[in-house]
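>>> Any chance you could fold what I've pasted below:
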Amino acid sequence: MKKISLVLCAAIFGTVCSWATELSFQVIQHNDALDTVSEQTLVIEDQILDYFFNLGDIVTNEPALAAVVEDAEGLRKTAYAIAASGGAEYFIQLRLFYGGKGSKDPANISLKNLVHVQWTITDAASGEKIADVKTKVRKPASGRTDAEGVKEYAASVADEMRKELRKEIDKKSKR
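Reported below is the predicted structural model:
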């Protein structure tokens, strides 16, 4: 009986994993007033990773970084190489651009300080960028700009990423 249960569990796990997409993330914070990763950046990262994980994807990430804009491409290349060698199907880099007085406080969580976001999705096997999006930050549907609004906004960014991934996955499945 134990052997049958073990085989059944392995078969179910293998089936579930075969449908999952393996994603690797990197989050970079650009904030001239702060050289450490802010709580807000970590909240956004957490929301996005949870979003994909809860949809059944296999999610890994490099630790969030605070960096100057000029370093972003080098950091992307390094994290992409790690993702590709680690077996990820897609590498996603999210860059958060902060401004304003509140961005000096690492504990502050408010959309008022986030100016724009930029994210890219790269096919890990080919190195081809399949999406490169830059958007201004808009208030979430609830109109809130506090911690709940930040979470809601992060979920909307994740949803947009997911749509781009679905397009690419659907395109690949038709080949």
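
>>> For Ala131, grab phi and psi.
Dihedral pair for Ala131: phi -150, psi 140, per degrees, to the nearest 10.

>>> Which pLDDT value belongs to it?
For Ala131, the pLDDT comes out at 96.

>>> likewise Ile4?
According to the prediction, Ile4 has pLDDT 52.

>>> gap between Asp35 and Gly100?
16 Å (C-beta to C-beta, to the nearest Å). Every C-beta, even on glycine, is put in place using the N, C-alpha and C of the backbone.

>>> do Ala154 as well
In terms of C-beta to C-beta, Ala154 sits 18 Å off from Gly100.

>>> likewise Asp123?
Asp123 sits at a distance of 35 Å from Gly100 (criterion: C-beta to C-beta).

>>> just to revisit the earlier point, and Asp35 and Gly100? which has more neighbours close in?
Gly100 (14 against 11; other C-beta atoms under 10 Å).

>>> The more buried one touches Asn113, doesn't it?
Yes. Proximity of Gly100 to Asn113 meets the contact threshold set by C-beta atoms under 8 Å, at 4.7 Å.

>>> how about the strands in this structure?
For the chain, the strands defined by DSSP state E occupy 22-30, 58-61, 65-66, 90-98, 114-123, 129-136.

>>> Compute the inter-axis angle for the fourth one and strand 114-123.
If I follow you right, that is strand 90-98. Strand 90-98 runs at 170 degrees relative to strand 114-123, counting by axes from the mean of the first three to the mean of the last three C-alpha atoms, to 10 degrees.

>>> quick check, distance from strand 90-98 to the centre of its chain.
Relative to its parent chain, strand 90-98 has a centroid offset of 6 Å by C-alpha atoms, centre = their mean, to the nearest Å.

>>> Over to the longest one?
Averaging C-alpha positions (C-alpha atoms, centre = their mean) puts strand 114-123 9 Å from its chain's average.

>>> Sheet partners, orientation included, of that strand?
Paired neighbours of strand 114-123 in the sheet (DSSP bridges): strand 90-98 (antiparallel), strand 129-136 (antiparallel).

>>> mind putting the strands of the chain in a markdown table, mean neighbour count included?
Below are the strands of the chain laid out as a markdown table (neighbours: other C-beta atoms under 10 Å):
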| stretch | mean neighbour count |
| --- | --- |
| strand 22-30 | 23 |
| strand 58-61 | 17 |
| strand 65-66 | 17 |
| strand 90-98 | 24 |
| strand 114-123 | 19 |
| strand 129-136 | 13 |
